[in-house]
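**Student:** the following block contains a protein sequence and its predicted model.
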Amino acid sequence: MSQTAEFENRLRRVGRRHRKMMTNGVVRKVGKDGLITSKPRSRMPRFPLKGFVILFVAAFVFKATLLAWLGAADYSARVTALGEGTVIEQGGAWVMQADPMTVVLSEVIKNILPAS
């Protein structure tokens, strides 16, 4: 490849990167050597994995707390009644089923909750 072609390719890459920075925004970072580099901001937001994990754990703690508070018989009766409703309620009943992890966690919560 000739020097002119290499130069044209480099100009094309620089132009493409510059256009991305103008449309998507810029992220600047200071390196260990003190050099400031600019990169185009990514278009697609990253998947919030930490938030998803926190939501997942909170849902299990919520289910386990309800199971510990209501008792197994009352909890299963309420989930069964929920399962006889609309499609959305049936989905909620599927999510709220007492799975093994919820049962174990509810036993731990029963020991923490004051006896009523």
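**Tutor:** In hand now; what should we look at? Numbering: from 1, shown residues only.
**Student:** got the phi and psi for the most centrally placed residue in the chain?
**Tutor:** Nearest residue to the geometric centre of the chain (C-alpha atoms, centre = their mean): F52, 2.5 Å. Reported as degrees, to the nearest 10, the phi and psi values for F52 are phi -60, psi -40.
**Student:** now it: how far from A59?
**Tutor:** 11 Å (C-beta to C-beta, to the nearest Å). Where C-beta positions appear, they are placed from N, C-alpha and C, glycine not excepted.
**Student:** how about W94?
**Tutor:** 13 Å.
**Student:** which parts of this protein belong to which domain?
**Tutor:** Domain assignment for the chain by automatic domain parsing gives 3-40, 49-112.
**Student:** show me where this protein has strands.
**Tutor:** For the chain, the strands defined by DSSP state E cover 26-30, 36-40.
**Student:** who's in contact with the first one?
**Tutor:** If I follow you right, that is strand 26-30. Contacts to strand 26-30, defined as C-beta atoms under 8 Å, 6 or more residues apart in numbering, come from residues I36, T37, S38, K39, P40, R41.
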